[in-house]
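> My questions concern the predicted model and sequence given below.
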Amino acid sequence: MNPIVLPSNRPPERFYRGGARISSFRGEPASAPREPEDWVGSTTTIRGEESLGLTTLPDGRVLRDAIAADPSGWLGDAHAKRWGADARLLVKILDAGQRLPVHAHPHDDFAASHLGRPHGKAEAWYILEGGTVHVGLQEDVAAETLADLVSRQDVDGLLGLLHAIEVNPGDVVWVPPGELHAIGAGVLLLELQQPEDLSILLEWEGFEIDGPGEGHLGLGFDLALAAVTRTARSLAEMGALVHAAPPSGSVFPRDADGYFRLTRMPVHGAAVIEPGFAIVVVVGGAVDLAGELLESGSTVLVPAAAGRLEVSGDGELLVARPPAA
């Protein structure tokens, strides 16, 4: 099994605008106005869809089916023994062509109990092009206050609850399940998340979505908002959630590593990608990986059975992986 260079995989007609920065990053033609997400090496579908969002391999197979047929080959023996054919990872390149709405994602227990899903949705971001992100409450908020802001669609009130933080390329943002957040316009990022499409929308005015009908995941807002964290984050806590990545090695906080892992790998001459299932993104320069020249914007799907991979050149890689088994 060899590494596979992947083209972009952009579900059309998403509810918010974006995509031009992905096209520029990947060196591809201009996209439609609402293709703001590239689902890289995806075994996950958009909520309510049978196949939209899934990655198709060059041989015509869907990646999800290929992994199901050979979990050990794709994910490694230890991973397959613990989790079977569940890759436990979704990687996206996301371009916020407009500020995203204030929203949150449920945790594992809530998703299992109320939605019948095997995962919630923790996520973390590596910033490729900077701007403003809104993450975490500045003050505790009562359930009644939050519900009132949502029902009245008080956008200024909702956004005003959150810390607004300027981020730059190379910064990382950890968004635990339940944490309210919104990505500001102009931000391009690499997102690692649990493999689900589960969002609780507190805001929907100006977006192409039926917020009252779809924003609560079919649960009603009284129940859905119970999955939202209403406790404030101190400035010290925010420093743990949002900070500059180290120049090399693991970049996310330790709490994120139980969900997914991301390694920053500068390449100046020669380097090695250790064995294991991974999604590799070239974010600078150009490198030779397994005999193929890859420039910035390239994405590569690496099966565990590909083994130890030598890389050469002058560039920078981000290596995304599931949690350690």
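Looks like it arrived, so ask away.
> Which neighbouring elements make contact with the biggest helix by length in the chain?
In the chain, taking DSSP state H as the definition, the longest helix is helix 143-152. Under the contact definition 3 or more C-beta pairs under 8 Å, 6 or more residues apart in numbering; DSSP states H and E, helix 143-152 sits against helix 155-160, helix 221-224. (Each C-beta comes from the backbone N, C-alpha and C, glycine too.)
> So for that helix, mean pLDDT?
The average of the pLDDT scores along helix 143-152 is 98.
> Can you tell me what sits against it?
154, 157-158, 161, 202-203, 221-222, 225-226, 228, 230 (C-beta atoms under 8 Å, 6 or more residues apart in numbering).
> Then stretch 62-82?
Stretch 62-82 is contacted from outside by 1, 41-43, 51, 54-57, 83-85, 87-88, 275-277, 301, 303-305, 322, 325, using C-beta under 8 Å, 6+ apart.
> just to revisit the earlier point, format the contacts of helix 143-152 as a markdown table; extra columns: neighbour count and distance to Trp74.
Converted to a markdown table, these look like this (neighbours: other C-beta atoms under 10 Å; distance: C-beta to C-beta, whole Å):
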| residue | neighbour count | distance to Trp74 |
| --- | --- | --- |
| Asp154 | 15 | 46 |
| Gly157 | 15 | 46 |
| Leu158 | 22 | 41 |
| Leu161 | 20 | 42 |
| Leu202 | 28 | 37 |
| Glu203 | 21 | 38 |
| Phe221 | 19 | 39 |
| Asp222 | 10 | 41 |
| Leu225 | 18 | 38 |
| Ala226 | 15 | 36 |
| Val228 | 22 | 35 |
| Arg230 | 17 | 40 |
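> Can I get those residues in CSV including distance to Ala124?
Formatted as CSV, the contacts of helix 143-152 follow (distance: C-beta to C-beta, whole Å):
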residue, distance to Ala124
Asp154, 29
Gly157, 27
Leu158, 22
Leu161, 21
Leu202, 21
Glu203, 22
Phe221, 26
Asp222, 29
Leu225, 23
Ala226, 24
Val228, 18
Arg230, 21
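> Which one of these is nearest to Glu13?
Closest approach to Glu13 among the contacts of helix 143-152 (C-beta to C-beta): Glu203, at 19.6 Å.
> Quick one, which of the helices and strands packed on helix 143-152 gets closest to Leu262.
helix 155-160 (27.6 Å).
> isn't Gly120 right next to Asp108, touching?
Yes - Gly120 is in contact with Asp108 according to C-beta atoms under 8 Å; the separation is 4.4 Å.
> intersection of neighbour lists for the two?
Pro177.
> ok, the two, which is more surrounded?
Gly120 (23 against 17; other C-beta atoms under 10 Å).
> just the helices in the stretch 101-250 of the chain please.
Secondary structure of the stretch 101-250 of the chain (DSSP state H, counting those that start in this stretch): helices located at 108-110, 143-152, 155-160, 211-214, 221-224, 235-241.
> For my notes, please list those helices in TSV and give distance to Asp70 for each entry.
Formatted as TSV, those follow (distance: least, C-beta to C-beta, whole Å):
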stretch	distance to Asp70
helix 108-110	26
helix 143-152	45
helix 155-160	46
helix 211-214	36
helix 221-224	37
helix 235-241	37
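> closest to Leu188 out of these?
Among the helices of the stretch 101-250 of the chain, the nearest to Leu188 by C-beta to C-beta is helix 235-241 (19.4 Å).
> which secondary structure elements does the closest one contact?
Helix 235-241 packs on strand 131-137, strand 171-175, going by 3+ C-beta pairs under 8 Å, 6+ apart.
> try 6 Å
Taking 3 or more C-beta pairs under 6 Å, 6 or more residues apart in numbering; DSSP states H and E as contact, there are no helices or strands that helix 235-241 lies on.
> and it, which residues are buried?
238, 241 (16 or more other C-beta atoms under 10 Å).
> quick revisit: narrow the contacts of stretch 62-82 to those that are buried.
41-43, 54-56, 83, 85, 87-88, 276-277, 301, 303-305, 322.
> Which residue, other than its chain neighbours, is closest to the residue nearest the centre of the chain?
For the chain, the residue nearest the mean C-alpha position is Glu191 (2.8 Å; C-alpha atoms, centre = their mean). Once flanking residues are discounted, Glu191 sits nearest to Lys92: 4.4 Å by C-beta to C-beta, 6 or more residues apart in numbering.
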